[in-house]
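1. Got a sequence here, can you build the structure:
(chains A and B)
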Amino acid sequence: MNHHARSTAVEIKNLSFSYGKRNVLHDIHLKIAAGSFLALVGPNGSGKSTLIKCILGLLPPVTGTITLFGQPVEKFHDWNAVGFVSQKANSFNTGFPATVFEVVSMGLYGKIGLFRFLTRRHKEKIKEAIQQVGMEEYMHQNIGELSGGQQQRVFIARALVSDPKLLILDEPTVGVDAKSVSNFYSMLKKLNREHGMTLLLVTHDIGAVSEYITDVACLNKCLHFHGDTEEFENKKDEMMSAIYGHNVHVIKHNHDHEHHEHEHDHDRSRFR
Amino acid sequence: MIRVFFEYDFLTYSLYTGLMIGFLAPFIGVFLVVRRLALISDALSHITLSGIAFSLLLGKYYPLFSGLNPMYMGMVFSVGGAVIIERLRNIYRYYKELAIPIILSAGIGIGVVFISLADGFNTDLFQYLFGSVVAIREKDFMMISAITAIVFIMIVLFYKEWFFLSFDEEQASVSGIPKKPLHFLFMVMAALVIAASMKIVGILLVSSLMTLPVAAAMRWARGFKQMFVYSVLFGELSVVAGLVSSFHLDVSPGGMIVMINVVILVASIFLTKKTY
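-> Predicted coordinates:
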């Protein structure tokens, strides 16, 4: 972690994206240092998921550049270094006849590559990842038989199995009960602090994650805030407390004039 | 009962061919069903019909083509149809299922026109529609063996990629799996299997062998690998029982195979407790 602390996991410069004529992202600059835990917040339709898709190379930006670990995203090939957990409800068919073991094994498929098969070592790795999220008892059950929170743990295991350096989570706790949510965040914190994994978490509710994260970025078409906790504490504590009712550590970006709008965004995102 | 199948060459061929189809169709069917593309087999089988009708028509006017096995032209149409379906699914991104009725009706429309031009229905065509135990020749047997080998090797090679793409396309793309070429390859495999299956089950009933055993397997299987085991088991059971009974009852094997599949499916539904 120390070694990576100063290197950059993701760097976005001057990024814009639109669906047809609808401009979704405008002039985004964002730098995610390796080893940080960044929460990306913003109201519905603020472009969070689109930004994630751009980072993952699923959508080509209209203008601007994205680099992952120093490589432009279009040329980036080391996708095993990037884990992704999406909003479960969108991308997953609950009735799919696959066991927990099979679902987690998918996380290795990209790494194994074409024309190669799972080896004994891969299988050990899969079991380890399942243990890491505490799902070993359910290894051979169909994914559809599990609860929402358990399913989400399985998807985390799938993302972890390839030992990613960067883990991106798009509102992973939607539809998961409150107790599971706090366990879930503790697990993320552990991955970040103990394993030095860089985390990018898309969330609606920054209040719930404030104690786990190191950085915050606020998005609503433009990036309104981006910074780390310490710097923010000096300057913006009061304002954020007023918005969230408790201490959230965010620092301001270089856009002083946009504070107002930012406050407003958070309001909306919280009381959506 | 089954002994007679080893006494005559043509029956032996049809039994072996049936065994291959009973393996192939449910095997490909598992992927189609979990991708919610079960109906694609219907669309492709109808477009195969236009290929066969086209071949019969060509044979009528150009003696050069009369020796050609209509299955080849059926295959060409089927693969072409598969390519067009993939394209249509991209064009109607939000109504992907539209591709199926478009190809299905185009297939049957073109087929019917060609059939009328080629003198209307005859026994040959009836065999293609509903399958036949006696229609299998050595050449068909060889071709279907080749298709079985190719499709089986492809599935072994690309099992994990097709599995991942079926489960979660977006995640699969993120992990660097080449989505488009693999989808394309899969559709070509499905088209080949459909063209190969039609002699036994018939064009109108091919889809039943690709979906009914899979639907039954879904009730029993724990995990994706077991889906193949159960699907193939049910597929083989229905083909063997269907062929033997249709021969003795002198009815089309396609119909018997479907009926046996329905029985297996209904039994599976009542014997299992799953709710999903």
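2. which parts of the strand or helix carrying B:S246 are buried?
-> Assigning secondary structure by DSSP states H and E places B:S246 in helix B:224-249. Across helix B:224-249, burial judged by 16 or more other CB atoms under 10 Å in any protein chain shown covers B:224, B:226-228, B:230-247. No exception for glycine: its C-beta is placed from N, CA and C like everyone else's.
3. Out of those, which are close to chain A?
-> B:224, B:226-227 (CB under 8 Å from any CB of the partner chain).
4. Can you tell me which of the residues you listed is closest to A:V216?
-> Of all these, A:V216 sits closest to B:F224, with 40.0 Å by CB to CB.
5. Wait, that closest one touches A:V100, no?
-> No. Using CB atoms under 8 Å, B:F224 is not in contact with A:V100; the gap is 11.7 Å.
6. Work out for me the element B:T48 sits within.
-> helix B:40-61.
7. which bits of the stretch 1-150 of chain A sit near chain B?
-> A:56-58, A:77, A:79-80, A:82, A:84, A:86, A:91-99, A:101-103, A:105-107, A:109-112, A:114-115, A:117-118, A:140-142, A:144.
8. Could you list which of those belong to helices?
-> A:91, A:101-103, A:105-107, A:109-112 (DSSP state H).
9. Please render these as TSV that adds distance to B:F10 to the earlier fields.
-> Listed next are those as TSV, based on distance: CB to CB, whole Å:
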residue	distance to B:F10
A:S91	50
A:F101	46
A:E102	42
A:V103	47
A:S105	45
A:M106	45
A:G107	50
A:Y109	44
A:G110	48
A:K111	50
A:I112	45
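10. What is the lowest-pLDDT residue among those residues?
-> Among these, A:S91 has the lowest pLDDT, at 58.
11. and B:I108, what does it touch?
-> B:46, B:49-50 (CB atoms under 8 Å, 6 or more residues apart in numbering or on different chains).
12. Could you check how far the residue of chain A found nearest chain B is from B:L192?
-> Of all residues in chain A, A:G110 sits closest to chain B, at 3.1 Å by CB to the nearest CB. According to CB to CB, to the nearest Å, A:G110 and B:L192 sit 28 Å apart.
13. Then A:D170?
-> Counting by CB to CB - A:D170 and B:L192 are separated by 38 Å.
14. do the helix or strand hosting B:M143 and chain A meet?
-> Using DSSP H and E, the element containing B:M143 is helix B:138-167. Yes. Counting by CB under 8 Å from any CB, chain A is contacted by helix B:138-167 at B:157-158, B:160-161, B:163-164, B:166-167.
15. who does the longest helix along chain A touch, helix- and strand-wise?
-> When chain A is parsed with DSSP H, its longest helix is helix A:178-195. The helices and strands touching helix A:178-195, judged by 3 or more CB pairs under 8 Å, 6 or more residues apart in numbering or on different chains; DSSP states H and E, are strand A:37-41, helix A:148-160, strand A:166-170, strand A:198-203, helix A:206-209.
16. circling back to that earlier point, for the helix holding B:T48, which positions count as buried?
-> B:40-59.
17. again, but for stretch A:51-61
-> Across stretch A:51-61, burial judged by 16+ other CB under 10 Å covers A:51-57, A:59, A:61.
18. Over to stretch A:76-84?
-> Of the residues in stretch A:76-84, those buried by neighbour count under the rule 16+ other CB under 10 Å are A:76, A:79-84.
19. Which two of those residues have the greatest separation?
-> Farthest pair in the buried residues of stretch A:76-84 (CB to CB) is A:F76 and A:G83. Separation: 14.2 Å.
20. so B:M71 sits right up against B:F141, yeah?
-> No. When contacts are counted by CB under 8 Å, B:M71 is not listed as touching B:F141 (11.7 Å).
21. Now do the shared contacts for the two.
-> Shared contacts of B:M71 and B:F141 (CB under 8 Å, 6+ apart): none.
22. Looking only at neighbour counts, state which of those two leads.
-> Comparing B:M71 with B:F141 by other CB atoms under 10 Å in any protein chain shown, the one with more neighbours is B:M71, at 22 against 19.
23. OK, contacts around the more buried one?
-> B:52, B:140, B:143, B:195-196, B:198-199 are the contacts of B:M71 under CB under 8 Å, 6+ apart.
24. which other residues reach stretch B:146-162?
-> A:105-106, A:109, A:112, A:114-115, A:117-118, B:20, B:23-24, B:27-28, B:31, B:172, B:177, B:182, B:185-186, B:189, B:192-193, B:195-196.
25. Without its sequence neighbours, what residue ends up closest to the residue of the stretch 101-250 of chain B found nearest chain A?
-> Nearest residue of the stretch 101-250 of chain B to chain A (CB to the nearest CB) works out as B:S175 at 3.1 Å. Spatial nearest neighbour of B:S175, excluding adjacent residues (CB to CB, 6 or more residues apart in numbering or on different chains): A:G110 at 3.1 Å.
26. helix, strand or coil for the closest residue to A:N14 other than its chain neighbours?
-> Closest residue to A:N14 apart from its sequence neighbours, by CB to CB, 6+ apart: A:G64 at 4.0 Å. Per DSSP: H, G, I helix; E, B strand; the rest coil, the local secondary structure of A:G64 is strand.
27. Could you do A:G227 as well?
-> A:G227, by the three-state scheme (three-state DSSP), is strand.
28. Could you report the distance from it to B:L98?
-> Applying CB to CB to A:G227 and B:L98 gives a distance of 48 Å.
29. just B:Y128 next, same as before
-> B:Y128 is 27 Å from B:L98, by CB to CB.
30. ditto for A:Y212
-> For A:Y212 relative to B:L98 (CB to CB), the value is 45 Å.
31. out of these two, which sits in the busier spot?
-> A:Y212 (19 against 13).
32. in the strand or helix carrying B:M71, what's buried?
-> Assigned by DSSP H and E, B:M71 falls within helix B:70-91. The neighbour-count check on helix B:70-91 (16+ other CB under 10 Å) flags B:70-71, B:73-82, B:84-86, B:88-89 as buried.
33. So which bits of the stretch 51-200 of chain B are right by chain A?
-> Close to chain A, as judged by CB under 8 Å from any CB, the stretch 51-200 of chain B has residues B:157-158, B:160-161, B:163-164, B:166-177.
34. Please spell out the PyMOL selection for the buried subset of the residues you listed.
-> To isolate the buried members of those in PyMOL, using 16+ other CB under 10 Å:
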select buried, chain B and resi 158+160+161+163+164+166+167+168+170+171+172+173+174+175+176+177
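35. Can you read off the backbone torsions of A:E171?
-> phi 40, psi 60 (degrees, to the nearest 10).
36. contacting residues for it?
-> A:E171 neighbours (CB under 8 Å, 6+ apart): A:87, A:202-204.
37. Make CSV from these and add pLDDT and neighbour count to it.
-> Converted to CSV, the contacts of A:E171 look like this (pLDDT from 0 to 100; neighbours: other CB atoms under 10 Å in any protein chain shown):
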residue, pLDDT, neighbour count
A:Q87, 76, 17
A:V202, 91, 23
A:T203, 85, 22
A:H204, 76, 19
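38. Kindly reformat these as TSV containing distance to B:M218.
-> Putting those into TSV (distance: CB to CB, whole Å) gives the following:
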residue	distance to B:M218
A:Q87	26
A:V202	34
A:T203	36
A:H204	35
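39. Please identify which of those residues is nearest to B:L104.
-> Once CB to CB is applied, the member of the contacts of A:E171 that ends up nearest B:L104 is A:Q87, at 33.8 Å.
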